[in-house]
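Enquirer: Sequence plus the predicted model coming up.
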Amino acid sequence: MNQIDTEEKISNAEKYLENYPLTNNSSIVFDIDDTLISYESGELIGPVYHLYLFCLSMGIKVFIVTNRAGTQENIDYTENQLKSKGLGSYERLYLRRPGCSDMWSPKIGSRKDIISRGYDIVMSVGDMPWDVGVHGGYPVLLD
């Protein structure tokens, strides 16, 4: 991941959010692996974590949508990992149905579900095209 490019994209995302007409139902969707947390090192990705905190400070509802398989073991691991990294303040965590190999449909379906619950997805942040695609609001695609 290119640190300078990531910092620039996150800075642009913050400027976008500062000028967006936010409501009580405004939300953002974050991916986990190589977005919030480095898959390789397990460490937080600083600029993205800063955006996460920025969104919380602005009252934007945070949703986490990952393509990790939704087995109970993965759910427990993911919830504990998020909490231990200071990422425990989110409305809902979505994982991919176990056995599903399609990367697009679970992400789109999760975002549709968020919208069906009355939220306005202002922005999606991720490292893959399916993280920021259909129903994702303003896309922040990290390299």
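Expert: Good, I have the coordinates. Numbering: from 1, shown residues only.

Enquirer: In contact with residue 107: list those residues for me.
Expert: Applying Cβ atoms under 8 Å, 6 or more residues apart in numbering to residue 107 gives the contacts 65, 67, 130-131, 133. Any C-beta I mention is one placed from the backbone N, CA and C, and that applies to glycine too.

Enquirer: Distance check, the spatially closest residue to residue 91 that is not a sequence neighbour against residue 121.
Expert: The shortest distance from residue 91 to any non-neighbouring residue, by Cβ to Cβ, 6 or more residues apart in numbering, is to residue 61 (4.9 Å). Look at residue 61 and residue 121: by Cβ to Cβ, to the nearest Å, they are 9 Å apart.

Enquirer: hey, what's in contact with both of these two?
Expert: For the pair residue 61 and residue 121, residues contacting each of them under the criterion Cβ under 8 Å, 6+ apart are 27-28.
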